[in-house]
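Engineer: Fold the following.
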Amino acid sequence: MRIDTARRDPAAGAGGRRGAARPLVALLLLPLLAACAGEDAGPGDGPTGGETQIVSRDVEAPEVFSVSDQGLWDGRPSLGGGWVAYPEVAVEQIGQVLVRNEENGRFVIGALFRREREAPGPALQVSSEAAEALGMLAGSPAPLNVVALRRDAEGAPREGGATTDFDAAAPIAEVPLAPAEAAPEAPAPAPAVSPTPAPAPAGTLTRPYVQAGFFSVEDNARDAARRLEALGLTARVEAAERQGQAFWSVTVGPAQTEADRDALLERVKAQGFPDAYPVRD
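Structural biologist: Model prediction:
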């Protein structure tokens with residue numbers, strides 16, 4: 001009986017073809033595997049939830065104070081930065097105001113002061129710095145709108161999903177404990193350290209600070225602060241922005257008692273800020 005050794009094994013041929021096809025299948029599966037990996041990594045790579053962002057801003061409060069009337073700058077230079085004065089107004093309850101020139105749309109943030117009723121001319125008196133920011137000419141009345149401002153804080157917590165797909169806890173096997181050894185000697189007690197005293201609070205005053213003025217030029221505000229600090233007062237310059245227009249305020253304090261606050265107010269006024277007034281922080 002003759003055996004044909006040249007016959008090919010069908011199984012071996014099929015296996016060779018399968019071996020050659022494997023690299024092609026692997027190449028076709030690569031994009032799918034990459035997409036799956038991207039989906040698995042997405043949720044875990046983002047920022048964690050539960051964060052709260054607090055945004056402080058000044059908002060118009062016409063219910064506190066609002067008036068539209070003619071305003072005038074008499075052409076003389078004035079101290080105290082940007083401000084307007086209006087007769088018979090409770091300035092202690094108002095604080096900062098937004099002054100808008102209704103002719104050209106320009107505005108400035110400043111202080112509001114009480115004006116003497118007997119003073120002639122338009123009802124609103126404007127400081128030289130406020131007039132410059134509003135585009136007013138000396139001796140030419142302009143229609144102004146004055147609105148009180150209030151500080152508003154907004155906090156919006158971001159919702160974050162809680163992870164709930166934890167693996168089931170594995171049972172804990174009981175392991176016998178070795179007998180307890182004798183307790184070591186207790187260490188010597190550490191020497192007592194007196195705590196650092198906390199800074200004194202600003203007292204219970206509602207308005208412990210003194211507002212020296214508002215400035216549309218930063219250098220002017222910092223010059224005013226340096227002049228007050230030369231007297232040993234604590235002055236700070238704060239920058240703010242309203243509808244794209246920047247301004248700077250100079251504040252002195254805080255005072256611990258009402259008597260200290262009144263004395264601080266008189267010292268600030270004596271340094272060329274006659275329109276200074278008490279404010280909150």
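
Engineer: Please tell me how far residue 127 sits from residue 258.
Structural biologist: Applying CB to CB, to the nearest Å, one obtains 28 Å for the distance of residue 127 from residue 258. C-beta: built from backbone N, CA, C; applies to glycine.

Engineer: likewise residue 125?
Structural biologist: According to CB to CB, residue 125 and residue 258 sit 29 Å apart.

Engineer: More neighbours: the two, which one.
Structural biologist: residue 125 (21 against 15; other CB atoms under 10 Å).

Engineer: I'd say the more buried one and residue 78 touch.
Structural biologist: No. No contact is recorded between residue 125 and residue 78 when judged using CB atoms under 8 Å, the distance being 9.2 Å.

Engineer: Which parts of this protein are helices?
Structural biologist: For the chain, the helices defined by DSSP state H occupy 10-45, 128-134, 218-229, 258-270.

Engineer: what's in contact with the second one?
Structural biologist: Which is helix 128-134. Residues outside helix 128-134 that contact it (CB atoms under 8 Å, 6 or more residues apart in numbering) are 73, 76-78, 81-84, 99, 101, 104, 106-108, 110, 126, 138, 142, 144, 215-217, 220, 245.

Engineer: And stretch 83-95, by the same measure?
Structural biologist: Residues external to stretch 83-95 that are found in contact with it (CB under 8 Å, 6+ apart): 64-65, 67, 69, 71, 97, 99, 110-117, 119, 123-127, 130, 144, 146, 148-149, 207, 211, 213-214, 275, 277-280.

Engineer: Residue 71 and residue 121 touch, don't they?
Structural biologist: No. Taking CB under 8 Å as the definition, residue 71 is not a contact partner of residue 121, at 9.5 Å.

Engineer: higher neighbour count, those two?
Structural biologist: For residue 71 versus residue 121, neighbours defined as other CB under 10 Å are more numerous around residue 71 (27 against 13).

Engineer: Distance of that one relative to residue 78?
Structural biologist: If you measure residue 71 against residue 78 using CB to CB, the figure is 13 Å.

Engineer: try residue 110
Structural biologist: 11 Å.

Engineer: and if you look at residue 58?
Structural biologist: With distances taken as CB to CB, residue 58 is found 23 Å from residue 78.

Engineer: weakest of the helices of the chain in terms of mean pLDDT?
Structural biologist: Of all the helices of the chain, the minimum mean pLDDT falls on helix 10-45 (a mean of 49).

Engineer: So between residue 110 and residue 78, which is more surrounded?
Structural biologist: Summary of the neighbour comparison: residue 110 and residue 78, criterion other CB under 10 Å, with residue 110 having more neighbours (29 against 19).

Engineer: who are the neighbours in contact with the nearest residue to the more buried one once chain neighbours are set aside?
Structural biologist: The shortest distance from residue 110 to any residue that is not its chain neighbour, by CB to CB, 6 or more residues apart in numbering, is 3.4 Å, and that residue is residue 82. Under the criterion of CB under 8 Å, 6+ apart, the contact list for residue 82 reads 99, 108-111, 127, 129-130, 133, 213-216, 247.
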